[in-house]
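> build me a structure from this.
(chains A and B)
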Amino acid sequence: MNRINQFIKSFGWPRIIIALFLISLFIAGPFFGVSTDMSLNDVFVRFGMNAILVLSMVPMIQSGCGLNFGIPVGLVAGLIGAVMSLEFKLTGPAGILAAFLIAIIAATIFGYFYGKLLNRVKGDEMIIATYVGFSFIFFMNMMWIVLPFKNPSSVQGFKGTGLRVTISVQEYWYHIISDFLKIKFTEHFTFPTGMFIFFALMSFIVWAFFRTKIGAAITAVGSNPEYARAAGIDVDKMRVISVIFSTILAAIGIIVYQQSFGFIQMFNAPLSFVFPSVAAVLLGGASVNKASIANVIIGTILFQGILTMTPSVINSAISIDVSEVIRIIVSNGMIVYALTRKAR
Amino acid sequence: MKLKSDSLKRFLIDSAVPILFIVISVIAIPLSKFTGLYLVREIVTRLTRDTFLVLSLLLPVMAGMGINFGMVLGAMAGQIGLIFVTDWGIRDVLGLVIAMIISTPIAILLGYFSGGVLNRAKGREMITSMMLGLFISGIYQFFLLYLCGSIIPIKNPKLLLSRGYGIRNAINLDTAGAFDKLLRVKIGGVPVSFGTILIIVAICIFTSWFRKTKLGQDMRAVGQDMGVADSAGIKVEKTRIQSIIISTVLACYGQIIYLQNIGTINTYNGADQAALFAAAALLVGGATVSRATIANAIVGTGLFHLMFIVMPMAGKNLTGSAMLGEYFRMFVSYGVVTIALVLHAWKRQKDKEMDRAQFRVDVKTSK
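Presented below is the predicted three-dimensional model:
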């Protein structure tokens, strides 16, 4: 009994409630004519699409910069990589590699300045990151209109200038990672092996990074900045490195998302990734100053599970679409809950 | 002479943001090709429309809790009140007063909850209040979309979605312009609604009176230093909750005044933007996260909306793209909040470093 109590305490009530809710949805699904293989397919695909975005939270949380509400900075870098790759008309693996490369360069530059800014505002990182992210999106919206993009599939058809709101990657690098070694189980259930291999690779890089000397220093900065300073660690530099790392991961994450989704969503689209990504890592058991890869995996499965299962099951059960409202309450409620926990 | 140039410098630094905005507006006004009369009319309308909402942010700033992005809770309470009044078919000023009476207890309850949550998140009130606004917005949507018309009776079919329950996205108010029509006087072709202005003046007097009361002084003390306030016998947490409750209730009235001027409720997306624009307006007026006055609020509202009116047109005339001006407007709204927050946090960090350096000097001299 004691052990169960301890487990509940360490796992946290919100997580248990949501996990039970998700399991009950999966059990109830077949009774309302929702096919299990299709639901599983959706959960796995969405996991692959979003997991790297959630993973991008980890370095900044570890270095004590808090939850990365400024994820749009990375997402925009990813968008730059994607549209530039289209601009060069690169297709297939070469296209997505070029997108990654350009996105990483852009993310490094943005991340550097973003990190420098966050160093100036220690203690207020989260609210400022939120607003930096939002302002950056609107700044880049102007750039998307002004910059001289040429590829006819990315610019607005009738004017010939300014990017479209959604750009199809069908003819360029659609499903390059998703379809790599895919396994077809049933008609509706195809396991996107490639995305899982790619996520595993990214997780391994993050895991390995935190075992290097720099990685260990970052964790030290996050858990006790005064102690880290006394030990001769350059606190500000470590924080900037973690921010750059987070930004790069976010940039890669959005490209993985796009190749699976089939479209590059420009303009205001990055806005809709901010709170779900933050909520997912918290749902997985992370706190404002501590996160692990296990948190990312659990969180993404739970969050995406709820997102896929509530519309299909609850709509068929009571024919009312409450999924959007449930999503808002769960994701934002989770963030409020995490923010009110005592730090350390 | 030295002192004079110093104080001038201080004034310039303090009002850097408003000056920047005046410069932007001065450049943009000729480009927008609006006439002076049109601009004056628009500014007067928007000042009467928005000032109350901006004023609701003052007290939490004084209590050291930063910008209360949770004012959207109050805005939502106000919208609920207006929806019920519209359903009951109560018109004009009476309708608005009843809407206020209905929404006050909701706002007090939400404010109490919000204050309690923020007490658990000391040091990160702003981000928490923002997330709280988004969270309560989910519950608000649940209430209006699924409970209204099914459990909570709504008689007026015009308010309901075609499926039979749930409130429509946009509602026309019977009470539109009720406050504005009171004592409306035309001055040189500009209609000025003295009814609404009187309400705003009343709240300004209330705010400056409140600052002098015991509770107001307590709030200021809490805002300066929670530890000192606590040892002086002030109930810190209670005072903080009270400041949030007052702010939420004022925001609720502010939203009602705002909506009676607009005439329609954007049921599901209306409240979310209220906090952003109010915060931006306050900060444009030269307020900081730790110091905000009534003058900041009024000047800021005027300047912010001047930019808001001229920017899209100026952008369109300059580049031929209407969207560009629109994006620039949003960029500036978010950007000004960002800059104000960054400057404040930076200054605080610098002060801390200065304290530390001072401490070192003190230790050395005492040896």
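
> can you find the helix or strand of chain B with the lowest average pLDDT?
helix B:2-14 (a mean of 69; mean pLDDT, DSSP states H and E).

> and the helix or strand just after that helix, does that touch chain A?
Next along the chain after helix B:2-14, taking DSSP states H and E as the criterion, comes helix B:16-32. No. Using CB under 8 Å from any CB of the partner chain, helix B:16-32 never reaches chain A; the gap is at least 14.7 Å. (Each C-beta comes from the backbone N, C-alpha and C, glycine too.)

> then helix B:16-32 to PDB, C-alphas only?
Output in PDB follows, covering the C-alpha atoms of helix B:16-32 (Å, rounded to 0.1, in the frame of the first residue of the first chain):
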ATOM      1  CA  ALA B  16      11.200  56.700 -24.100                       C
ATOM      2  CA  VAL B  17       8.400  54.400 -25.200                       C
ATOM      3  CA  PRO B  18       5.700  57.100 -25.600                       C
ATOM      4  CA  ILE B  19       8.100  59.300 -27.500                       C
ATOM      5  CA  LEU B  20       9.000  56.400 -29.800                       C
ATOM      6  CA  PHE B  21       5.300  55.900 -30.500                       C
ATOM      7  CA  ILE B  22       4.700  59.600 -31.100                       C
ATOM      8  CA  VAL B  23       7.500  59.500 -33.700                       C
ATOM      9  CA  ILE B  24       6.000  56.400 -35.400                       C
ATOM     10  CA  SER B  25       2.600  58.000 -35.500                       C
ATOM     11  CA  VAL B  26       3.900  61.300 -36.800                       C
ATOM     12  CA  ILE B  27       5.600  59.500 -39.700                       C
ATOM     13  CA  ALA B  28       2.600  57.300 -40.300                       C
ATOM     14  CA  ILE B  29      -0.200  59.900 -40.200                       C
ATOM     15  CA  PRO B  30       0.600  61.600 -43.500                       C
ATOM     16  CA  LEU B  31       1.200  58.200 -45.100                       C
ATOM     17  CA  SER B  32      -2.300  57.000 -44.100                       C
END
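
> name the helices or strands packed onto that helix?
When contacts are defined as 3 or more CB pairs under 8 Å, 6 or more residues apart in numbering or on different chains; DSSP states H and E, helix B:16-32 packs onto helix B:270-284, helix B:294-319, helix B:322-366.

> any idea how far the residue of the stretch 101-250 of chain B at minimum distance from chain A lies from residue B:146?
Nearest residue of the stretch 101-250 of chain B to chain A: residue B:138, at 3.4 Å (CB to the nearest CB). To residue B:146, residue B:138 is 12 Å away according to CB to CB, to the nearest Å.

> what do these two both touch?
residue A:325 (CB atoms under 8 Å, 6 or more residues apart in numbering or on different chains).

> you'd agree residue B:318 is up against residue B:31?
Yes. Using CB atoms under 8 Å, residue B:318 is in contact with residue B:31, at 5.8 Å.

> shared neighbours of these two, anything?
The overlap between the contact sets of residue B:318 and residue B:31 (CB under 8 Å, 6+ apart) is empty.

> what about the strands in the stretch 101-250 of chain A?
A:166-168, A:183-184, A:190-191 (DSSP state E, counting those that start in this stretch).

> out of these, flag the one nearest chain B.
Here strand A:166-168 is closest among the strands of the stretch 101-250 of chain A (CB to the nearest CB), at 15.5 Å.

> what's the mean pLDDT across the closest one?
Average pLDDT, strand A:166-168: 85.

> and for it, what are the contacting residues?
Defining contact as CB under 8 Å, 6+ apart, one finds that strand A:166-168 is touched by A:82-83, A:86, A:153-154, A:262-266.

> hmm, back to that, winner for burial among the helices and strands packed on helix B:16-32?
Sort these by mean neighbour count, taking mean count of other CB atoms under 10 Å in any protein chain shown, and helix B:270-284 sits at the top with a mean of 24.

> that older thread, for the contacts of strand A:166-168, pick the one with the most neighbours.
residue A:82 (30 neighbours; other CB atoms under 10 Å in any protein chain shown).

> chain B versus that residue, what's the distance?
20 Å (CB to the nearest CB, to the nearest Å).

> equivalent analysis for residue A:274, please.
Residue A:274 is 10 Å from chain B, by CB to the nearest CB.

> pLDDT below threshold where in the chain?
The chain I'm using is chain A. A:1, A:10-11, A:318-320, A:342-344 (pLDDT under 70).

> ah, no, chain B please
B:1-5, B:364-367.

> which bits of it sit near chain A?
So chain B meets chain A at B:66, B:117, B:120-121, B:123-124, B:126-128, B:130-132, B:134-135, B:137-139, B:141-142, B:145-146, B:319, B:321, B:323-324, B:327-328, B:330-331, B:334-335, B:337-338, B:341-342, B:344-346, B:348-349 (CB under 8 Å from any CB).

> residues contacting stretch A:2-9, please?
Here stretch A:2-9 makes contact (CB under 8 Å, 6+ apart) with residue A:16.

> at 10 Å what do you get?
With CB atoms under 10 Å, 6 or more residues apart in numbering or on different chains as the test, stretch A:2-9 has contacts from A:15-16.

> check which residues of it are buried.
Going by neighbour count (16 or more other CB atoms under 10 Å in any protein chain shown), nothing in stretch A:2-9 comes out as buried.

> stretch A:226-243 too?
Under the neighbour-count rule (16+ other CB under 10 Å), stretch A:226-243 has A:228, A:233, A:235-236, A:238-243 buried.

> for residue A:225, give me its contacts.
A:63-64, A:122, A:233, A:235-236, A:238-239 are the contacts of residue A:225 under CB under 10 Å, 6+ apart.

> if I look at it, how far off is chain B?
Taking CB to the nearest CB, one finds residue A:225 at 13 Å from chain B.

> with residue A:114 instead?
Distance from residue A:114 to chain B, by CB to the nearest CB: 12 Å.

> enumerate the residues of the stretch 1-150 of chain A near chain B.
Residues of the stretch 1-150 of chain A lying close to chain B (CB under 10 Å from any CB of the partner chain) are A:66-67, A:69, A:117-146.

> just checking, which of those residues belong to helices?
A:117-120, A:125-146 (DSSP state H).

> buried only: go through these for me.
Buried subset of these (neighbour count, 16+ other CB under 10 Å): A:117-119, A:125-142, A:144-145.

> my guess is residue B:197 contacts residue B:51, does it?
Yes. Applying CB atoms under 10 Å as the test, residue B:197 and residue B:51 come out as touching, 8.8 Å apart.

> between those two, point out the one with more neighbours.
Set side by side, residue B:197 and residue B:51 show more neighbours around residue B:51, with 28 against 18, by other CB under 10 Å.

> packing partners of the helix or strand hosting the more buried one?
Assigned by DSSP H and E, residue B:51 belongs to helix B:36-55. The contact analysis (3 or more CB pairs under 10 Å, 6 or more residues apart in numbering or on different chains; DSSP states H and E) places helix B:36-55 against helix B:16-32, helix B:71-88, helix B:178-181, strand B:190-193, helix B:194-212, helix B:236-262, helix B:270-284, helix B:294-319.
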